[in-house]
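> quick one, structure for this:
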Amino acid sequence: IDGKIEKNVLESFLGSFEPSHLEAVKEERAHSGLCGSPLCDNVSHYSKWQNNKYRVSYKHNKIYKINESDKYCCIECHKQMLNTINACSTESPYIWPEVLSLVLK
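Predicted structure coming up:
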């Protein structure tokens, strides 16, 4: 997903997403240099460090371990995405009774 989408649009699709789908969206956005949250259009610097385990801050003279939160522009986006992923159904939409009745006709 390129760019930002509105929260109500994302919430309307949550019923048909599994957590793995949103994980894939987060990964694709982070690798392309965007914040991992589809509700945000800020940049993430993860694409610079994706092949490394550590990054060096010359400004602060520190070494940082690259982790999951580096895929987001800020901690608020990280928390929001974790909440969104946890709100997804863990049951595959392909086995829902409504979907099965359409497929089995």
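> can you map out the strands along this protein?
54-57, 62-65 (DSSP state E).
> for the protein, which spans come out with low pLDDT?
1-2, 47-51, 89-105 (pLDDT under 70).
> break down it into its helices, ranges please.
Along the chain, the segments classed as helices by DSSP state H run 7-13, 19-31, 46-49, 75-87, 97-103.
> show me what the second one is packed up against.
Contact here means 3 or more C-beta pairs under 8 Å, 6 or more residues apart in numbering; DSSP states H and E; on that basis helix 19-31 packs against helix 46-49, helix 75-87. For the C-beta atoms, the positions are set from N, CA and C on the backbone; glycine is no exception.
> present these as TSV; the columns should include mean neighbour count and distance to residue 64.
Shown next, in TSV, are those (neighbours: other C-beta atoms under 10 Å; distance: least, C-beta to C-beta, whole Å):
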stretch	mean neighbour count	distance to residue 64
helix 46-49	16	9
helix 75-87	16	14
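> which one of those helices lies nearest to residue 22?
Closest to residue 22 of those is helix 75-87 (C-beta to C-beta; 4.9 Å).
> residue contacts, the residue nearest in space to the middle of the chain?
Nearest to the mean C-alpha position of the chain, counting by C-alpha atoms, centre = their mean, stands residue 26 at 2.6 Å. Shown in contact with residue 26 (C-beta atoms under 8 Å, 6 or more residues apart in numbering): 36, 37, 71, 81.
> what does residue 7 give?
residue 39.
> please name whichever of the helices of the chain is nearest to residue 55.
helix 46-49 (4.9 Å).
> on that earlier part again, how about a markdown table for the helices and strands packed on helix 19-31, with distance to residue 32 added?
Listed next are those as a markdown table, based on distance: least, C-beta to C-beta, whole Å:
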| stretch | distance to residue 32 |
| --- | --- |
| helix 46-49 | 7 |
| helix 75-87 | 15 |
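> what about stretch 56-67, start to end distance?
14 Å (C-alpha to C-alpha, to the nearest Å).
> tell me the buried residues in it?
residue 66 (16 or more other C-beta atoms under 10 Å).
> related to what we said a few turns ago, most neighbours, which of the contacts of residue 26?
residue 37 (30 neighbours; other C-beta atoms under 10 Å).
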